[in-house]
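1. sequence first, predicted model second:
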Amino acid sequence: MLLMGFDFQYYTHVKKNRKGQVYQFCYDFGYLRIDEVYVYIVHQDNASIQ
C-alpha cells in the first residue's frame, strides 16, 4: 500500500470493536493493522465491526 502512495497518517475517523481493536477509516474504507506486513481492509457498508 505504501508503494502505491497510501499514507497511513491520514484518516477521516476511527471505530473500535468489542475486542478493543481500532479500525482507521478513510471515508468508507477502513483498515486494521495486523502487523508490519498485513492489514485487514473493510468497506463501511459491509463492516460489521464488533
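-> Looks like it came in fine.
2. could you pull out the strands in the chain for me?
-> With DSSP state E applied, the chain shows strands at 13-16, 22-26, 29-33, 39-43, listed in chain order.
3. and residue 30, how many neighbours does it have?
-> A count of nearby residues for residue 30, using other Cβ atoms under 10 Å, gives 23. In this view, the C-beta of every residue, glycine as well, is placed from N, C-alpha and C.
4. so it sits against residue 44, correct?
-> Yes - Residue 30 lies in contact with residue 44 (Cβ atoms under 8 Å); the separation is 6.5 Å.
5. make CSV out of the strands of the chain and add mean pLDDT.
-> Converted to CSV, the strands of the chain look like this (pLDDT from 0 to 100):
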stretch, mean pLDDT
strand 13-16, 92
strand 22-26, 91
strand 29-33, 90
strand 39-43, 90
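6. any idea which of those strands gets closest to residue 3?
-> Closest approach to residue 3 among the strands of the chain is made by strand 39-43 (13.5 Å; Cβ to Cβ).
7. mind listing what's buried along that closest one?
-> residue 42 (16 or more other Cβ atoms under 10 Å).
8. adjust the sequence numbering to begin at 12 for everything that follows.
-> In the new numbering, first residue 12, that becomes strand 50-54.
9. now it against strand 33-37, angle please.
-> Orientation check (axes from the mean of the first three to the mean of the last three Cα atoms, to 10 degrees): strand 50-54 against strand 33-37 gives 60 degrees.
10. pull the residues that contact strand 50-54.
-> Strand 50-54 has contacts (Cβ atoms under 8 Å, 6 or more residues apart in numbering) with 12, 34, 39, 40, 41, 42, 43, 44, 45, 60.
11. now, of those, which are buried?
-> Taking 16+ other Cβ under 10 Å as the criterion, what is buried in those is 34, 41, 42, 43, 60.
12. who's in contact with residue 19?
-> 12, 13, 35, 44.
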